[in-house]
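Quick one, fold the following:
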Amino acid sequence: MKRRLLATSAALLLISGAAAGSATANAPANARARADADATVVALAGTAAQAGPASVQVPDGVTAGAAVFDRQTGTFTEQLNPSLRFRSASVVKLLLALDFLWNRGPDYTVPAADRARLEPMLRSSWDDAANYYWSQNGGPAIITRMAGRLGLKDTVGPPAGYDGYWGYASLSARDTVTIYRYLLDSAPAAVRDFVMGNLRQSTRCASDDFDQHFGIAGAFEKPWAIKQGWAGSSYEEGTCGPPGTAAAAPRTADRATASSAQAQADQAQAAHARAAKTAQAPAQHQQNQVLAPVAADVDLTRPALHSTGTVGAGDRFVVAVFTLHPVGTSYGKAFTDIGRLTRSLDVPGVARSAGWWYGTWSSHVNVRRDPSTRNAPITQLPAGAEVLVGCQARGEEVQVPPYTNDWWAYLPQYGGWVSNIFISSPGNRLPDVKDC
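Sure, this is the predicted structure:
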């Protein structure tokens, strides 16, 4: 669905894959310059990330629409281009799920086969499930139905010629707030609990191996519930999850021998992760490779990254952030930019992720269970992504000749460690970051 970035140095990638990391300024000069350009430390070295924002900060080159709605006061605390339309990418899966569940009755039980599709579609953004419901339930008619049912003002189906592409349906920040307000305040309890319960169990690794815990998930402490979206031909393949674990035994979403709906969902997710890597993947997986023309006021060309959901006790705040990035932007850069924007939003009283934000360099940088390369990686970072550092400690020495570093950073949002040699910083030890 997305293209992998070309490696700039085979030797460097080998070391980052063997050693794990995020970048210090001990990195080679050209890599360090790139890190400085793409992931400058945000307010950041030495500043705890809990400080409240002064105003919305939109990174250079980014087009954004955002809204924050306080359900307790019934008012918006933040609005930035709230009616601007964006191609929805996977955020539209909220409407696919609600359309399927519409008017099912209070005693309706979601069949196991549908749970096995809907759960990974909501938790892990499984595209094959969206393909299924889009084709089964009328495609663009779903968007028309749901826009009328919920009173959405800016939501329309895909442009002419792209009826098969659910990700080309358009949404705005204010319409997304309306969707969540319906879910939380008007939907039948069973529908609310099913959809929101799955969004609260969002997996860090999406079914296509993209790290989807950006934006809301990076900016705020739990409780939160999220539905994310991403689309861009310049995005490299996802690197989330332990390297080399995608090839499990084939299974399908409809397999009746699963012991539970969750087991079926896990099977379906694993099957999709393999299918998405094949040349026979459904057309929807290939939509972002199409150089589509701009349709009306909706940009179908620039890379998109969206973060939507709720934050705070009792789902107090509904947050919707939609972003478009310059053509050619990498996933790690977009990941960083939407993170900075989301952290600047006015969401009063909600706990913000505590720590220090630092940029990283190199790609396929491993996150380890301890400050060493002895154990298998937990996951890999998006290339050049900014990460939250909770503390640092000395560990195994890592070498990127002629540089060495035995300091490691603990990333609380990943529950693991990266070598400081891959973190953008002026020295081996990160300034102002406390020792673990």
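
which residues sit in contact with the residue most central in space within the chain?
Most central in the chain under CA atoms, centre = their mean is Q212, positioned 2.3 Å from the mean C-alpha point. Neighbouring residues of Q212 by CB atoms under 8 Å, 6 or more residues apart in numbering: S124, S125, S202, T203, R204, C205, A206, I226, Q228, W230, C240. Just so you know, the C-beta spots here come from the backbone N, C-alpha and C atoms, and that holds for glycine as well.

quick one, phi psi at it?
The phi/psi pair for Q212 (degrees, to the nearest 10) reads phi -110, psi 10.

mind listing the strands for this structure?
For the chain, the strands defined by DSSP state E cover 63-70, 75-80, 86-87, 170-171, 224-231, 304-311, 317-324, 356-358, 365-367, 379-381, 387-389, 391-400, 403-411, 416-419.

Would you reformat these as CSV and include mean pLDDT and mean neighbour count?
Output for those, formatted as CSV (pLDDT from 0 to 100; neighbours: other CB atoms under 10 Å):
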stretch, mean pLDDT, mean neighbour count
strand 63-70, 98, 23
strand 75-80, 97, 16
strand 86-87, 98, 28
strand 170-171, 98, 28
strand 224-231, 98, 25
strand 304-311, 98, 27
strand 317-324, 98, 28
strand 356-358, 97, 26
strand 365-367, 96, 27
strand 379-381, 97, 25
strand 387-389, 98, 25
strand 391-400, 96, 18
strand 403-411, 96, 22
strand 416-419, 98, 27
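
Switch these over to CSV; also include distance to A160.
Putting the strands of the chain into CSV (distance: least, CB to CB, whole Å) gives the following:
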stretch, distance to A160
strand 63-70, 23
strand 75-80, 30
strand 86-87, 14
strand 170-171, 13
strand 224-231, 19
strand 304-311, 20
strand 317-324, 21
strand 356-358, 43
strand 365-367, 43
strand 379-381, 39
strand 387-389, 42
strand 391-400, 51
strand 403-411, 45
strand 416-419, 47
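
L101: which of the ones you listed is closest?
Closest approach to L101 among the strands of the chain (CB to CB): strand 224-231, 14.8 Å.

quick one: that closest one to strand 304-311, angle?
170 degrees (axes from the mean of the first three to the mean of the last three CA atoms, to 10 degrees).

residue ranges with poor pLDDT in the stretch 201-350 of the chain?
For the stretch 201-350 of the chain, the stretches with pLDDT under 70 are 245-296.

Recalculate using a threshold of 80.
244-297 (pLDDT under 80).

Likewise for the stretch 51-200 of the chain?
51-54.

now the helices for it?
Taking DSSP state H, counting those that start in this stretch as the criterion, the stretch 51-200 of the chain carries its helices at 93-101, 112-124, 127-136, 140-150, 173-185, 189-199.

And the second one, what does it pack against?
The elements that helix 112-124 packs onto, with contact taken as 3 or more CB pairs under 8 Å, 6 or more residues apart in numbering; DSSP states H and E, are helix 93-101, helix 127-136, helix 189-199, helix 261-275.

May I have that helix exported as PDB, CA atoms only?
The C-alpha trace of helix 112-124 is given here as PDB (Å, rounded to 0.1, in the frame of the first residue of the first chain):
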ATOM      1  CA  ALA A 112     -18.800 -13.900  15.200                       C
ATOM      2  CA  ALA A 113     -17.800 -13.500  11.600                       C
ATOM      3  CA  ASP A 114     -18.600  -9.800  11.700                       C
ATOM      4  CA  ARG A 115     -16.900  -9.300  15.000                       C
ATOM      5  CA  ALA A 116     -13.800 -10.900  13.400                       C
ATOM      6  CA  ARG A 117     -13.900  -8.100  10.800                       C
ATOM      7  CA  LEU A 118     -15.100  -5.100  12.800                       C
ATOM      8  CA  GLU A 119     -12.900  -5.500  15.800                       C
ATOM      9  CA  PRO A 120      -9.600  -5.400  13.900                       C
ATOM     10  CA  MET A 121     -11.000  -2.800  11.600                       C
ATOM     11  CA  LEU A 122     -11.600  -0.500  14.500                       C
ATOM     12  CA  ARG A 123      -8.600  -1.500  16.700                       C
ATOM     13  CA  SER A 124      -6.000  -2.100  14.000                       C
END
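
Now find how far off-centre it is within its chain.
18 Å (CA atoms, centre = their mean, to the nearest Å).

before we move on, what about stretch 101-115?
With CA atoms, centre = their mean, you get 27 Å for stretch 101-115.

Equivalent analysis for stretch 74-82, please.
22 Å.

List the contacts of it.
Residues contacting stretch 74-82 (CB under 8 Å, 6+ apart): 56, 58, 63-70, 172-174, 177, 317, 345-348.

sorry, back to before: distance check, the residue nearest to the centre of the chain against L183.
19 Å (CB to CB, to the nearest Å).

need the contacts of Q212 in TSV with distance to G167, can you?
Conversion of the contacts of Q212 to TSV gives the following (distance: CB to CB, whole Å):
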residue	distance to G167
S124	16
S125	11
S202	18
T203	19
R204	21
C205	19
A206	14
I226	17
Q228	12
W230	10
C240	19
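
Can you tell me which of these are buried?
Among the contacts of Q212, those scoring as buried are S124, S125, S202, T203, R204, C205, A206, I226, Q228, W230, C240 (criterion: 16 or more other CB atoms under 10 Å).
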